[in-house]
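A.B. asks: test case, fold it:
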Amino acid sequence: MWNAVNLRVRASSGPSGALIGSKTSVRSMTSQSTEEDRTKPGPQVSAAAKAATASSVRFVLATLISLNLLNYIDRNLLPGAQPLLQKALGLTDSSIGAVSSSFFLAYMFAAPLLGWMGDRFSRRRLVLLSVTWWSCALGLAAFNTNIAWFAKVYSMVGVGEAAFGVYAVTLLSDYFPGADRSWALSLFFLAITAGRALGYPIGGWLAEAFGWQAPFRVCALAGLLLMLIAARALGEPERQRDATGTTGATRLSSLRMLWNRAYLFAVLGLAMQSFALSGLSIWLPTYLHRFAGYSVTHAATFVGAVTLVGGLGGTWLGGLLGERLFRRERRALYWLSAASLFLAAPFVAAILLQSPQMVSGGVIGSQFFLALNLGPLNTAILNSVPASVRSTAVAAALFLVHALGDALSPLLIGLVSDSFGLRIGISITLVSLLAGGLLLVAGAEGASVSPLVPCHTADKTDDPGEERL
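C.D. replies: Sure thing, here's the model as predicted:
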């Protein structure tokens, strides 16, 4: 995997530089190579990028991946420790579901302001602030025994993680423009699967061994330590330019973004995927503990292990297929993402049969296909909007994804479970998977006519007005 990254990285930015990805090896940063590059196909190296080294780019990428890994470990501590927390505080399914929904509601409502800030202020500083914020809030959550106060503090973790999600993605977008963006984002989103896989057993094991507060305290400290490393590693890359040659956001361009069919349908499809993924993430360990006789640690470890196997494989394959297919057909990212949701549905249905073999296969298959579209679908969203409003676009996407997706699913599944049982509650994720697939098929037609979505004839630039490299 890292060999693949090595082949794609040519140079990176320092505090004010920009990175250009390429499939050729790293060339010497000399004036002679600059003249030579102008006559060769493929991305060229900007003047600012020549001052940095490929190794520093890999360190930046590795740092952001590590932060995203911790982000999703922290987010999945609660599902791993959830049965013990419910027992300690005497909570119903709907009550604990409301805690997870409060996290995503805070995440959702913070996103619009965060996007506005990302288009105007240093994203490096904002990333560092967001990691500090969520780590401190996570630590405070461990000192609460009142569920109402715990939910409020836990929702502040959501604010910090929302900020990181907005700024880290746009940083990577400027470091890796063009077709290489799908691969870089797929590597970045591998951390989602790995973080979820690790978060379950870490939360379950620490909670069972030392009490439900222990996972939150340990991971809060880890976040602050990793923030210090990020402060040394991250720079502020040069923002990419639009067709007008500008880098700043305007109110008009932000409004036009919302009427962009390629953008809107990709976001709605991602919301439906998020509804299913979040619902399964929150409730699978409890489902196995309650109906399959697993201990808390065993259920969390099992879900984490199969998530790791299925999710990492799906994310890696999705990045590889997305990069290759996108060079031939601009709608490929949408088609691939839609297919992944349709294929995940029968595996989710298999989980509900409760047979040990069917549950194992269902969890692995569903995690594989739900992860397959992480890189391609997020790349489709970024490609469908101008560079000058990309932070705003990511923030708006986060708002819609959480409003229609993972802010609803934990609570809704909990409410249905209290009335009809957890199996029926989890089954509603099947509806969201089918709806998401249909939305992405419709969105593909928008991508085919969008002037902002590069195709195989222009896959080396990010926007039509971006300098030909």
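
A.B. asks: so who does residue 195 touch?
C.D. replies: Applying CB atoms under 8 Å, 6 or more residues apart in numbering, one finds that residue 195 lies in contact with 68-76. The C-beta positions use only the backbone N, C-alpha and C, and glycine is treated the same way.

A.B. asks: tell me, how many residues neighbour the nearest residue to it once chain neighbours are set aside?
C.D. replies: By the measure of CB to CB, 6 or more residues apart in numbering, the closest residue to residue 195 outside its immediate chain neighbours is residue 72, 2.6 Å from it. Neighbourhood size, residue 72 [other CB atoms under 10 Å]: 21.

A.B. asks: for the remainder of this discussion, apply numbering that starts at 649.
C.D. replies: Yep, numbering from 649; the last one is residue 720 now.

A.B. asks: could I get the average pLDDT for the helix or strand hosting residue 720?
C.D. replies: Residue 720 belongs to helix 702-723 when elements are defined using DSSP states H and E. Across helix 702-723, pLDDT averages out at 83.

A.B. asks: buried stuff in that helix?
C.D. replies: Of the residues in helix 702-723, those with enough neighbours to count as buried (16 or more other CB atoms under 10 Å) are 702, 704-705, 707-709, 711-713, 715-723.

A.B. asks: how about stretch 795-804?
C.D. replies: The neighbour-count check on stretch 795-804 (16+ other CB under 10 Å) flags 795, 798-804 as buried.

A.B. asks: which of the residues you listed fall within helices?
C.D. replies: Secondary structure defined by DSSP state H assigns 795, 798-804 of these to helices.

A.B. asks: among the residues you listed, which two are most distant?
C.D. replies: When those are compared pair by pair using CB to CB, the two farthest from each other are 795 and 804, 15.4 Å apart.

A.B. asks: what about the stretch 699-848 of the chain, any weak spots by pLDDT?
C.D. replies: When the per-residue scores of the stretch 699-848 of the chain are filtered using pLDDT under 70, the ranges that remain are 699-703, 759, 763-764, 766-767, 793, 825-830.

A.B. asks: repeat that for 50
C.D. replies: Regions of the stretch 699-848 of the chain meeting the criterion pLDDT under 50 cover residues 699-700.

A.B. asks: all helices for the stretch 999-1117 of the chain, in order.
C.D. replies: If you assign secondary structure with DSSP state H, counting those that start in this stretch, the helices in the stretch 999-1117 of the chain sit at 1004-1020, 1022-1031, 1038-1049, 1057-1068, 1070-1075, 1077-1097.

A.B. asks: show me what the last one is packed up against.
C.D. replies: If I follow you right, that is helix 1077-1097. For helix 1077-1097, the packing partners by 3 or more CB pairs under 8 Å, 6 or more residues apart in numbering; DSSP states H and E come out as helix 909-939, helix 980-999, helix 1022-1031, helix 1057-1068.

A.B. asks: worst average pLDDT in these?
C.D. replies: Among these, helix 1022-1031 carries the lowest mean pLDDT, at a mean of 82.

A.B. asks: and the helix or strand containing residue 950 with helix 980-999, angle?
C.D. replies: Assessed by DSSP H and E, residue 950 sits inside helix 944-974. Note on geometry: by axes from the mean of the first three to the mean of the last three CA atoms, to 10 degrees, helix 944-974 and helix 980-999 are set 150 degrees apart in direction.

A.B. asks: what's the average pLDDT for helix 944-974?
C.D. replies: Here helix 944-974 scores 79 as its mean pLDDT.

A.B. asks: nearest to residue 941, of the contacts of residue 843?
C.D. replies: residue 724 (22.2 Å).

A.B. asks: can you pull the contacts of the residue nearest the centre of the chain?
C.D. replies: For the chain, the residue lying nearest the average C-alpha position, counting by CA atoms, centre = their mean, turns out to be residue 837 (5.3 Å). Contacts for residue 837 (CB under 8 Å, 6+ apart) come out as 716, 963, 1019, 1022-1023, 1026.

A.B. asks: what lies in contact with stretch 783-792?
C.D. replies: The list of residues contacting stretch 783-792 from outside it, by CB under 8 Å, 6+ apart, reads 722, 798, 801-802, 804-805, 807-808, 861-862, 864-865, 867-872, 875.

A.B. asks: how about it: buried residues?
C.D. replies: Of the residues in stretch 783-792, those buried by neighbour count under the rule 16+ other CB under 10 Å are 783-790, 792.

A.B. asks: equivalent analysis for stretch 1061-1069, please.
C.D. replies: By neighbour count, and taking 16+ other CB under 10 Å as the criterion, the buried residues in stretch 1061-1069 are 1061-1065.

A.B. asks: which residues sit against that stretch?
C.D. replies: Residues from elsewhere that reach stretch 1061-1069 (CB under 8 Å, 6+ apart): 740-746, 927, 930-931, 1070, 1072-1074, 1076-1077.

A.B. asks: which one of those residues is nearest to residue 880?
C.D. replies: With CB to CB as the yardstick, the closest approach to residue 880 among the contacts of stretch 1061-1069 comes from residue 930, at 35.0 Å.

A.B. asks: what number of residues lie near that closest one?
C.D. replies: The burial count for residue 930: 27, using other CB under 10 Å.

A.B. asks: quick one, what contacts it?
C.D. replies: The neighbourhood of residue 930, defined by CB under 8 Å, 6+ apart, consists of 726-727, 730, 745, 748, 1057-1058, 1061.

A.B. asks: for it, give its distance to residue 1082.
C.D. replies: With distances defined as CB to CB, to the nearest Å, the gap from residue 930 to residue 1082 amounts to 21 Å.

A.B. asks: please apply the same query to residue 834.
C.D. replies: 25 Å.

A.B. asks: so which of the two has more stuff around it?
C.D. replies: Higher neighbour count among residue 834 and residue 1082: residue 834, with 25 against 15, using other CB under 10 Å.

A.B. asks: got a list of what the residue lying closest to the more buried one once chain neighbours are set aside touches?
C.D. replies: Nearest non-adjacent residue to residue 834, counting by CB to CB, 6+ apart: residue 967, 2.5 Å away. Contacts here follow CB under 8 Å, 6+ apart; on that basis residue 967 touches 830-831, 833-835, 1023-1024.

A.B. asks: which helix or strand contains the residue nearest to the centre of the chain?
C.D. replies: For residue 837, the host element (DSSP H and E) is helix 828-858.

A.B. asks: make CSV out of the ones in helices among the buried residues of stretch 795-804 and add distance to residue 1034.
C.D. replies: Formatted as CSV, these follow (distance: CB to CB, whole Å):
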residue, distance to residue 1034
795, 44
798, 41
799, 38
800, 37
801, 37
802, 35
803, 32
804, 32
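
A.B. asks: let me know the closest of these to residue 814.
C.D. replies: Of all those, residue 814 sits closest to residue 804, with 16.2 Å by CB to CB.

A.B. asks: any idea how far that closest one is from residue 1091?
C.D. replies: 33 Å.
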